[in-house]
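Colleague: Any chance you can model this:
(2 chains)
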Amino acid sequence: MPERNMTRRRVLGIGGTLGAMAVTGLATSAKLSRRPAATGAQLRSAVPLPPPYQVPLPIPAVVKPVDTSAGVDRYQITQRETTLEILPGVTTSAWTYGGTFPGPTIESRRGRPVTVTHRNELPVPTVVHLHGGHTPAASDGYPTDLVMPGGWQQTPHTMAGMGGMSDPRAVTSRLTRDYTFPLDQRPTLLWYHDHRMDFTAPAIWRGLAGLHIIRDDTEEALGLPAGPRELPLMITDRAFDEHGELTYPALDGTLRKRPGVREAYLGGVFGDVILVNGAPWPLHEVDAARYRLRVLNASNARHYDLQAVTDDGRRLDLVQIGADQGLLAAPVTHPNLPIAPAERYDLIIDFAKIPVGGRVRIINRLGSGRTREVMAFHVARKATDHSRVPRVLSHDLPTWRRSDAARVRDLSFRAGRMHGRHGWLINGKPFAPARTDLTARLGDTEVWRLIADVHHPIHLHLVGFRVLSRGGKAPLPHDAGLKDTVSLRPGEAAEIITRFDGYRGRYLFHCHNAEHEDMGMMANLEVI
Amino acid sequence: MVTGWVMRALVSAHAVAIFGQPVFAGIYLSGDYDALRWHAAGANVVTSIGYVQLIAAIVVWVRLRQAWPFAATLALVAAETVQYFAGMDGALWLHLPLGVLTIVALAVLFIAVWRQPLKQAVQQAVQQPVLRPAPREENADA
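Modeller: Alright, predicted model coming up:
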């Protein structure tokens, strides 16, 4: 029998309590949640940080081939520990390709193979992956295809990581390995980095990353800004301890046995120092002319939303001409541009209207405090500019249609348990090298529907893809062109379409939040 | 009488529809892409029922002289509208707690409209003794 004598007072009391709970709940969520959302936790540096826009922007040196005979460019790169001056007056030890961070840039021509002999003089095994490369599986840098350092004792297949599972297909070597890249693909900015099983994130953090550019005559004939007016910009974030060393929340600081990071950093590791080409908040002197910026976010977990602003608060357009996998069909103008880990954008920025002496800052709208600043350009002189940005940039983008798809796959990327710890899963499973997760036929077109719980930048090895939709709606302006990494935001889904072309073998797809990647969010794709 | 039953029917349908939303969201986040469409379609259904319920609540107010169903429905519809756009914008910090609150509110409203006939609730306040048979009547209806 219901209570018939609810007094007005009681009704108001109950209503008021429920209302108060509602308001408190929503207000708490509004106050405590990250708006905009961010997946990761920030480290704090323990050394004084330099003021922004003081250090000149370094341009990574282009490495010379040791041999160019027989139609192949051969390079040698030694991976070694060295001491760098990243922050002014502070020495920092780093793991490097060839003694610098970023590593040396490889300049290559479309269709002309490159062989890089990597020599591992680091204290741990390494393996090199050319991100965005259309590469045969043997040179794609599979995470267990390790190059062991001289004195390494452990056998790789029984390493403590990932529950000590074995990988019978691993091809390991001692000290050196040749990686051959056919580079029969659209001209673009690629990057190479360490891809060692369980330890990719800390290895990149310590400095194992470099740029690789592919060019061809068609692109060069467009008349885009070139030479000193083409700038590669590798953006990373790092943090430094009280001794000026790079700090990282690894469970095993030697990066030998136990993979993973401390619980608080499971979402990803953010630094509080923004480096561009290895320099903190650098400044670059430019002509009052058009520049081509080839931007790579090589950060482990940090997303940026880049915007160019003048000192009097005006915004400069960022004109996108290329994506991860080369030129767009036509330029796309962005007021600001979000960039997730491993994504690249080819941008034109025009300093012509900036008065000499003026400054243009590149800011990160997702940052706060010092991580809001990225770098600055100082317009030093007037100059003639013969460059142009054609209205049509390319005609060779793939035109895959949904109806071409032999298969539609649903893939979820979310948090979960792995081996009794927190981890990151694809379709409910953590990475296991010996398990084939997906099998695709060479030449087949497929549609993949990717679903994320938090931020997950999803990267496919071997192929580029196009974004068909985002959250069931049209793709965003920055999804244009051919990509190899698509940034999913919390709760978001995207549909991508691709064709598995070129090479058979075992490839990977994974989240390029490097911490997520190390903690399970990677899967095998067998192309047969 | 009819007005009261229409209100009950709408609130019930509304409740059924809204309980589908966390279900579809859960299926979607488990990796089933189609469930995103169901979640979006469910949002359309829930919000539409909400607006129809608002009209019914106005009728209840006019014919039965009861304002509280209108006030409750108005608050609910406002929350659902915000919820709709929070979902579209991916503002999960708002979408998740507001979704929970909306469901709680609708569950409370569901109990309120079924607890006693809307029509007689007015009389209850004025002439309580006459009301004694009311619960039996309600049970007989059910």
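Colleague: CA atoms for contacts and neighbours, from now on please.
Modeller: Will do.
Colleague: Surely A:Ile86 is in a helix?
Modeller: No - judged by DSSP: H, G, I helix; E, B strand; the rest coil, A:Ile86 forms no part of a helix; its state is coil.
Colleague: quick one: contacts for A:Leu130?
Modeller: A:140-141, A:190-193 (CA atoms under 8 Å, 6 or more residues apart in numbering or on different chains).
Colleague: B:Ala78 sits in which helix or strand?
Modeller: Using DSSP states H and E, B:Ala78 maps to helix B:68-89.
Colleague: does any bit of the following helix or strand past that helix sit next to chain A?
Modeller: Later in the chain than helix B:68-89, the nearest helix or strand by DSSP H and E is helix B:92-115. Yes - counting by CA under 8 Å from any CA of the partner chain, chain A has neighbours in helix B:92-115: B:92-94, B:97-98, B:101, B:115.
Colleague: can you tell me the residue of chain B closest to chain A?
Modeller: Closest to chain A within chain B is B:Gly31: 4.2 Å, counting by CA to the nearest CA.
Colleague: right, and that residue touches A:Ile426 too?
Modeller: No - counting by CA atoms under 8 Å, B:Gly31 sits too far from A:Ile426 to count as a contact (9.0 Å).
Colleague: So for the two, which residues contact both of them?
Modeller: Common neighbours of B:Gly31 and A:Ile426 (CA under 8 Å, 6+ apart) are A:411-413.
Colleague: near chain B, which of those show up?
Modeller: Among the shared contacts of B:Gly31 and A:Ile426, proximity to chain B is found for A:411-413 (CA under 8 Å from any CA).
Colleague: so which of these is the most crowded?
Modeller: In terms of neighbours by other CA atoms under 10 Å in any protein chain shown, those top out with A:Phe413 at 30 neighbours.
Colleague: Using the three-state scheme, assign it.
Modeller: Under three-state DSSP, A:Phe413 falls in the strand class.
Colleague: and A:Arg417, what element?
Modeller: A:Arg417 belongs to strand A:407-418, assigned by DSSP H and E.
Colleague: before we move on, the earlier item: so which of the contacts of A:Leu130 would you say is closest to A:Pro331?
Modeller: A:Pro331 has its nearest neighbour among the contacts of A:Leu130 in A:Leu190, at 20.1 Å by CA to CA.
Colleague: The residue nearest to the closest one when sequence neighbours are not counted pairs with what?
Modeller: In space, and not counting its chain neighbours, A:Leu190 is closest to A:His212: 4.9 Å by CA to CA, 6 or more residues apart in numbering or on different chains. Here A:His212 sits in beta bridges with A:Ile106, A:Leu190, going by DSSP bridges.
Colleague: residues from chain B in reach of chain A?
Modeller: For chain B, the contact set with chain A under CA under 8 Å from any CA comprises B:28-33, B:36-37, B:90, B:92-94, B:97-98, B:101, B:115, B:135.
Colleague: pLDDT and neighbour count added to the residues of helix B:92-115 next to chain A, as TSV?
Modeller: Output for the residues of helix B:92-115 next to chain A, formatted as TSV (pLDDT from 0 to 100; neighbours: other CA atoms under 10 Å in any protein chain shown):
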residue	pLDDT	neighbour count
B:Leu92	88	20
B:Trp93	89	21
B:Leu94	93	19
B:Pro97	94	16
B:Leu98	95	22
B:Leu101	93	22
B:Arg115	86	16
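Colleague: So which bits of chain A are right by chain B?
Modeller: Proximity of chain A to chain B (CA under 8 Å from any CA) is limited to residues A:1-2, A:22, A:25-26, A:29-30, A:33-34, A:410-414, A:427, A:449-453, A:471-472, A:490-493.
Colleague: can you pull the pLDDT of B:Val60?
Modeller: Looking at B:Val60, its pLDDT reads 92.
Colleague: Is it correct that it falls within a strand?
Modeller: No - counting by three-state DSSP, B:Val60 is not part of a strand but helix.
Colleague: isn't it right up against B:Ala71?
Modeller: No - with contact defined as CA under 8 Å, B:Val60 does not count as touching B:Ala71 (11.2 Å).
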